[in-house]
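Student: I need the structure of the sequence given here:
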Amino acid sequence: LAQVIENETRRQGDKIELIASENFVSKAVLAAQGSVLTNKYAEGYPGKR
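Tutor: The predicted model follows:
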């Protein structure tokens, strides 16, 4: 699972995301949720997540 998360972190940093429902959450949310998998289907308005 750690390798999958590392690969996803790299993918999100290297590629453009064109799926509107997959937004980047704030660093505070990442810390609270634990990984970049939180970016999948993030909900809410930008700056209000």
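Student: Every contact and neighbour count from this point should use C-alpha atoms.
Tutor: Noted.
Student: where does this structure dip in pLDDT?
Tutor: Applying pLDDT under 70 to the chain picks out residues 38, 40-43, 49.
Student: quick one, longest helix in it?
Tutor: The longest helix of the chain (DSSP state H) is helix 2-14.
Student: so what's the spatially most central residue of the chain up against?
Tutor: Nearest to the mean C-alpha position of the chain, by C-alpha atoms, centre = their mean, lies residue 39 at 2.4 Å. Going by C-alpha atoms under 8 Å, 6 or more residues apart in numbering, residue 39 touches 22, 23, 24, 25.
Student: ok, so what distance separates it from residue 32?
Tutor: The gap separating residue 39 from residue 32 is 12 Å, by C-alpha to C-alpha, to the nearest Å.
Student: go on, residue 44?
Tutor: 16 Å.
Student: What of residue 14?
Tutor: Relative to residue 32, residue 14 is positioned 23 Å away (C-alpha to C-alpha).
Student: swap in residue 17?
Tutor: 22 Å.
Student: Quick check on these two: which one has the bigger neighbour count.
Tutor: The neighbour comparison of residue 17 against residue 32 (other C-alpha atoms under 10 Å) goes to residue 17, with 13 against 10.
Student: Helix, strand, or coil at the more buried one?
Tutor: Judged by DSSP: H, G, I helix; E, B strand; the rest coil, the three-state class of residue 17 is coil.
Student: Need phi/psi at it.
Tutor: Main-chain dihedrals, residue 17, degrees, to the nearest 10: phi -100, psi 120.
Student: go on, the one 5 residues further on?
Tutor: Phi and psi for residue 22, reported as degrees, to the nearest 10, are phi -100, psi 90.
Student: Residue 31: which element?
Tutor: If you go by DSSP states H and E, residue 31 is part of helix 27-33.
Student: and that helix, which residues are buried?
Tutor: Within helix 27-33, no residue counts as buried by 16 or more other C-alpha atoms under 10 Å.
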